[in-house]
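**Student:** kindly return the folded structure for what I paste below:
(2 chains)
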Amino acid sequence: MSTATVTRPTHHSPRRGTPDSHGFPTRPYDLVKEFVVALVVVALLTVVLAAVFSSPDEKAITMADWAAQAPNDVVATAAGELAGTTTSASYGPPYNTAGDGQNLGPLKLQKWAGVRIPVDSAADLVLTPLSKVTGNTDLATALTTWNGATPDQQNKWASAYSDALSKAPDNDPKQVADGDYGPVPAISAAFLTLAQTGGLEGALTSSGNFYGGDQTRSLLLLSDGAYLEDQARARHLGGDQWGMMNETGNFPGQPWMWLYTFWYQVPPFSTSDNADALVWGLMMLLTLGLLLLPFIPGLRSIPRWIPVHRIIWRDWYRDHPRRT
Amino acid sequence: MTATQAGGTPPGTSSKSWTVRTRDRMSRVVPQGQVLPDRQPAYMSSWIYVFGVLTLAALIVVIGSGVLLAIGGVTWWHVSSLGHFVNSLHLWSVELFFAFMVIHLWGKFWMAAWRGNRALTWMTGVLAFLGSIGTAFTGYLSQTNFDSQWISGQAKDGLNSVGIGAFFNVLNPGQMLLWHVALLPLVLGVIVLLHVVLVRRHGIVPPIDSEGADADVEDAR
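**Tutor:** Numbers count the residues shown, from 1 in each chain, chains lettered A, B, ... in the order given. Predicted structure coming up:
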């Protein structure tokens, strides 16, 4: 219905240009009815989609699952934590000072933010949970030996065992070549046993608090192993598989993050050790551009150059031909 | 008793009362009759206009399904078929919400809808889009399932690389859940409210060249 009527006098913007919308001829328009109909339609559409497609809910991987499915990976991860070679152990801020982290040119934002979530991978992820195990004299002896050694000696033992594990068939601890590994094999084996019993999560998360709501340590440990990533890659969720925006199963995930995820798929980002900072820097710049689009010459004129608006307002333009 | 004594300040007169000043300021935010008008400009005749209200409607469904999930608690939906269905409602309403919002955003871009003092309307819309991405993201981190484990492990590196992760710990589902159900919805709600008020304040942007002015695409103040 287009019963156009003038209802108010025209008020123009101070500058020559866009006229005041309140000065145009009007037609009846029931906003409340439109909203109620939209609400009903969206609600019904949601119910239909939920009923037909459901939603994904793949169970979280437990430490016991990890130990059962990939015991050699658990042992290798424990040895890596002790050697300081895992991702978390060599991460830098916000977990430790093992590195400076990434930077945006001269801006060392990761370093400047500081170590606000301190995690000592060897102590917090392996040794402290094991120190609470009782009734295992071999473990107690191994921990005593470890704690009595110098940091240099500890590193030599753990690095040697970690290297030997990586060279063993299937990374099997039972097939590791002979060597001077000190108490590390015993500690790693006890760590696997603790994970198998299901007691590792509690030792990692509670941190002295009955309510263990913070999973930082558990997730760092799990991410340090290869099992979690293997599972994710098998579900096409790897970082180079558009993983950040996807989820398990055939569900849409977060397609609105396509641009952020896109940069990780292409050089130089896909090959850079500094990729995260570069992608974040680029996305912050692009986001600022979107936010300030009305003030950016050229970009703000694109809608005039590519006249999609002639389709949107075709009724208006038909009734109001442009003046020459 | 005069009108002033009864609590009414004559229009147009200045007052030292903070209440009166606030009331006067609020009454000027949206032109009289434009809060909920029953007429719209004749040029508002396209399906693209529907996507703004569809986005709002989807947001209501998102909040409603989220409130239902909150009643059952964090892990309810893992062990209850009803809970799983409510989670599905939440997921699909979010997908619809973003689909409608992105179409709405593109529509407003091609209309150059920032013209005629509407830059703040555009900017609040962009902020609402960003706030929605953050809210949805924290939702994915609060699922307490495999997706949460993997997405949080991946996301931490990006956030840590620019220093954000030191304060916004994606590996802490307790923190993420509170951001998801309290902080971000509150901020997003305020932004959306401001956006809608600005739309009502300035009205629907007129067609490009509706007065034949060549400079109007740039007129964003």
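**Student:** would you mark the buried spots in the helix or strand residue B:190 falls within?
**Tutor:** Taking DSSP states H and E as the criterion, residue B:190 maps to helix B:184-202. Judged by neighbour count (16 or more other Cβ atoms under 10 Å in any protein chain shown), helix B:184-202 contains these buried residues: B:184-185, B:187-188, B:191-192, B:194-195, B:198-202. In short, each C-beta sits where N, CA and C put it, glycine included.
**Student:** number of residues surrounding residue B:38?
**Tutor:** Using other Cβ atoms under 10 Å in any protein chain shown, residue B:38 has 11 neighbouring residues.
**Student:** pLDDT score for it?
**Tutor:** Note on residue B:38: pLDDT of 91.
**Student:** now do residue A:254
**Tutor:** Confidence score, pLDDT, at residue A:254: 89.
**Student:** what separates it from chain B, distance-wise?
**Tutor:** 6 Å (Cβ to the nearest Cβ, to the nearest Å).
**Student:** centre-most residue in chain A?
**Tutor:** Residue closest to the mean C-alpha point of chain A, counted by Cα atoms, centre = their mean, is residue A:244 at 6.4 Å.
**Student:** from residue A:228, how far out is it?
**Tutor:** Using Cβ to Cβ, to the nearest Å, residue A:244 is found at 15 Å from residue A:228.
**Student:** packing partners for the helix holding residue B:190?
**Tutor:** helix B:50-72, helix B:119-141 (3 or more Cβ pairs under 8 Å, 6 or more residues apart in numbering or on different chains; DSSP states H and E).
**Student:** and the last one, how far out from the chain middle?
**Tutor:** How far helix B:119-141 lies from its chain's middle: 7 Å, per Cα atoms, centre = their mean, to the nearest Å.
**Student:** now the first one
**Tutor:** Relative to its chain's centre, helix B:50-72 lies at 12 Å (Cα atoms, centre = their mean).
**Student:** residue A:58: what's it in contact with?
**Tutor:** Residue A:58 sits next to A:248-249, B:145-147 when contact means Cβ atoms under 8 Å, 6 or more residues apart in numbering or on different chains.
**Student:** please pick the buried ones from these.
**Tutor:** Buried members of the contacts of residue A:58, counted by 16+ other Cβ under 10 Å: A:248, B:145-147.
**Student:** that older thread, so can I have TSV of the helices and strands packed on helix B:184-202 showing mean neighbour count and distance to residue B:170?
**Tutor:** TSV is the format used below for the helices and strands packed on helix B:184-202 (neighbours: other Cβ atoms under 10 Å in any protein chain shown; distance: least, Cβ to Cβ, whole Å):
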stretch	mean neighbour count	distance to residue B:170
helix B:50-72	20	19
helix B:119-141	21	6
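**Student:** now mean pLDDT and distance to residue A:92 too, for these, in TSV please.
**Tutor:** Output for the helices and strands packed on helix B:184-202, formatted as TSV (pLDDT from 0 to 100; distance: least, Cβ to Cβ, whole Å):
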stretch	mean pLDDT	distance to residue A:92
helix B:50-72	97	36
helix B:119-141	97	22
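**Student:** TSV please, covering those and showing distance to chain A.
**Tutor:** Compiled in TSV, these are given as follows (distance: least, Cβ to the nearest Cβ, whole Å):
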stretch	distance to chain A
helix B:50-72	4
helix B:119-141	4
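**Student:** would you format these as TSV with distance to residue A:166 included?
**Tutor:** Formatted as TSV, the helices and strands packed on helix B:184-202 follow (distance: least, Cβ to Cβ, whole Å):
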stretch	distance to residue A:166
helix B:50-72	44
helix B:119-141	32
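**Student:** of all these, which one is nearest residue A:195?
**Tutor:** Closest approach to residue A:195 among the helices and strands packed on helix B:184-202 is made by helix B:119-141 (23.8 Å; Cβ to Cβ).
**Student:** taking helix B:184-202 as reference, get the angle to the closest one.
**Tutor:** 160 degrees (axes from the mean of the first three to the mean of the last three Cα atoms, to 10 degrees).
**Student:** so who does the nearest residue to residue B:184 once chain neighbours are set aside touch?
**Tutor:** In this structure, residue B:184 finds its nearest non-sequential neighbour in residue B:135, 4.2 Å apart by Cβ to Cβ, 6 or more residues apart in numbering or on different chains. Each residue near residue B:135 by Cβ under 8 Å, 6+ apart is listed here: B:180, B:184-185, B:188.
**Student:** which residues touch the residue nearest to the centre of chain A?
**Tutor:** Counting by Cβ under 8 Å, 6+ apart, residue A:244 touches A:254, A:257, A:260-261, A:264, B:151, B:154-155.
**Student:** tell me the pLDDT of residue 19.
**Tutor:** Using chain A here. 82.
**Student:** my question was about chain B, not that one.
**Tutor:** At residue B:19, pLDDT is 91.
**Student:** if I've got this straight, it is in a helix?
**Tutor:** Yes. Residue B:19: assigned to a helix according to DSSP: H, G, I helix; E, B strand; the rest coil.
**Student:** find the residue at the geometric middle of chain B.
**Tutor:** In chain B, the C-alpha nearest the mean C-alpha coordinate belongs to residue B:192, at 2.7 Å (Cα atoms, centre = their mean).
**Student:** ok, that residue touching residue B:128?
**Tutor:** Yes. Using Cβ atoms under 8 Å, residue B:192 is in contact with residue B:128, at 5.4 Å.
**Student:** what mean pLDDT would you report for the biggest helix by length in chain B?
**Tutor:** The residue-count maximum for a helix in chain B (DSSP state H) belongs to helix B:81-110. Helix B:81-110 carries an average pLDDT of 97.
**Student:** which helices and strands does it pack with?
**Tutor:** If contacts are counted by 3+ Cβ pairs under 8 Å, 6+ apart, helix B:81-110 sits against helix A:31-53, helix A:302-305, helix A:309-312, helix B:50-72, helix B:76-79, helix B:119-141.
**Student:** so which bits of it are buried?
**Tutor:** For helix B:81-110, a neighbour-count test (16+ other Cβ under 10 Å) marks B:83-101, B:103-105, B:107-110 as buried.
**Student:** also stretch A:52-61?
**Tutor:** Buried, per 16+ other Cβ under 10 Å, within stretch A:52-61: A:53-58, A:60-61.
**Student:** list the contacts for the nearest residue to residue B:66 once chain neighbours are set aside?
**Tutor:** Residue nearest to residue B:66 in three dimensions, not counting chain neighbours: residue B:90, with 5.7 Å by Cβ to Cβ, 6+ apart. Applying Cβ under 8 Å, 6+ apart, we find residue B:90 in contact with A:55, B:62, B:65-66, B:68-69, B:139.
**Student:** what does residue A:56 give?
**Tutor:** By Cβ under 8 Å, 6+ apart, the contact list for residue A:56 reads A:247-249, A:251, B:147.
**Student:** so it is in which element?
**Tutor:** Using DSSP H and E, no helix or strand contains residue A:56.
**Student:** and chain B, what are its domains?
**Tutor:** As assigned by automatic domain parsing, chain B contains the domains B:48-111, B:114-206.
**Student:** mind putting these into JSON lines with distance to residue A:163?
**Tutor:** As requested, the domains of chain B are exported to JSON lines (distance: least, Cβ to Cβ, whole Å):
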{"stretch": "domain B:48-111", "distance to residue A:163": "41"}
{"stretch": "domain B:114-206", "distance to residue A:163": "25"}
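**Student:** my guess is residue A:215 meets residue B:176, correct?
**Tutor:** No. Using Cβ under 8 Å, residue A:215 makes no contact with residue B:176, being 9.9 Å away.
**Student:** so what's residue A:226 up against?
**Tutor:** A:70, A:73, A:76-77.
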